[in-house]
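**Student:** fold the following.
(4 chains)
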Protein chains: 2
Amino acid sequence: MIDSTDPVQACPIAPVIDVVFSRWTTPILWTLNEFGKHRFVELERRIGVITAKVLTQRLRQLERDGLVVRTYYPEVPPRVEYEISDLGRSLAPLFQSLAEWSPNLDKVAEAREHYDTHEPAHRRP
Amino acid sequence: MIDSTDPVQACPIAPVIDVVFSRWTTPILWTLNEFGKHRFVELERRIGVITAKVLTQRLRQLERDGLVVRTYYPEVPPRVEYEISDLGRSLAPLFQSLAEWSPNLDKVAEAREHYDTHEPAHRRP
DNA sequence: GATAGTAGGTACCTAGAGGAAAGTACTGGC
DNA sequence: GCCAGTACTTTCCTCTAGGTACCTACTATC
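**Tutor:** Residues are numbered from 1 along each chain as shown, chains lettered A, B, ... in the order given. The predicted structure is shown next:
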């Protein structure tokens, strides 16, 4: 995934997107960073629309990437806690930047409306 | 009412990722922001592995979202120029944050190697 | 008349992501 | 005896993003 000879990755920020903001990882990392430790079902319920299978896959991936720490307690019934790692915490300024830009989503919605309601015939061959 | 357990409100930055950093849009926006105006084939060649079909789709999407401006010159052969919009330029601090975090990708690679070479049997049920 | 060059559009096909549902192992509680 | 609860795993199925290949219109050049 991290391969600087890949032409796509001629763009130096694409690998960061791949690792940190790939599908489903954004809400997981954001939740763990914002609200701290979570058990598996707590994460599942808070994110809401994610299935257990995909949540497991993404948590393994994030654990492997060193962004999330998994702790297993061999009790009955079993208990597992997920928390963000130090490396994961270093993403905080990034989340901040994203949150600061998010008000611009209104302008995006506006642009879409303009694009959809105006005939672009005069601009296109 | 602000309910952090509401799946919709669960993660406020996910919509930004969807609009700005969805698949293939990252290298396009980054290239236009970094190197200015590009013709269609110039973009195609610089990004390298993208197909014309997908490039067209993503450029339409970015134009619709108001992040990219398309200018058509009715010459022969036809000429089209794509450049980043003011709204797109407002992403610059975000690109900056991402670029600043990118050295941490080394730690990710390290974590992966550690995860893959160490037996996690003692941590897993 | 064949070819190149531009900026796409269109039809078809496949790989992979993700959803649904059931299974697993363990024990406490009714 | 059986259900509940946890943290998954596994199997099967569907849907869509993206790739391949070919098509458009227009002209200049060989």
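
**Student:** pLDDT value on the residue nearest to the spatial centre of chain A, please?
**Tutor:** When chain A is reduced to its mean C-alpha position, the closest residue under C-alpha atoms, centre = their mean turns out to be A:Thr26, at 1.2 Å. At A:Thr26, the pLDDT value in this model is 95.

**Student:** can you pull the contacts of it?
**Tutor:** Remark: with contacts taken as C-beta atoms under 8 Å, 6 or more residues apart in numbering or on different chains, A:Thr26 is in contact with A:Val20, B:Cys11, B:Ile13, B:Ala14, B:Ile17. Placement of C-beta: from N, CA and C, glycine included.

**Student:** where does it fall, helix, sheet strand or coil?
**Tutor:** A:Thr26 carries the three-state label helix when classified by DSSP: H, G, I helix; E, B strand; the rest coil.

**Student:** what do you get for A:Tyr82?
**Tutor:** Secondary structure assignment for A:Tyr82 (three-state DSSP): strand.

**Student:** run through the bridge partners of it.
**Tutor:** A:His38, A:Arg70 (DSSP bridges).

**Student:** let me know how buried it is, in neighbour terms.
**Tutor:** Other residues near A:Tyr82 number 22, with proximity taken as other C-beta atoms under 10 Å in any protein chain shown.

**Student:** hmm, it is touching A:Phe40, no?
**Tutor:** Yes. With contact taken as C-beta atoms under 8 Å, A:Tyr82 and A:Phe40 are classed as touching, separated by 7.3 Å.

**Student:** what is in contact with those two at once?
**Tutor:** Counting by C-beta under 8 Å, 6+ apart, the common neighbours of A:Tyr82 and A:Phe40 are A:Leu59.

**Student:** ok so, going back, now the contacts of A:Thr26 in TSV, with pLDDT and distance to DNA strand D?
**Tutor:** Conversion of the contacts of A:Thr26 to TSV gives the following (pLDDT from 0 to 100; distance: C-beta to the nearest atom of the strand, whole Å):
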residue	pLDDT	distance to DNA strand D
A:Val20	96	18
B:Cys11	86	20
B:Ile13	92	20
B:Ala14	93	16
B:Ile17	95	14
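
**Student:** so which of those wins on neighbours?
**Tutor:** In terms of neighbour count, A:Val20 stands highest of the contacts of A:Thr26 at 24 neighbours, by other C-beta under 10 Å.
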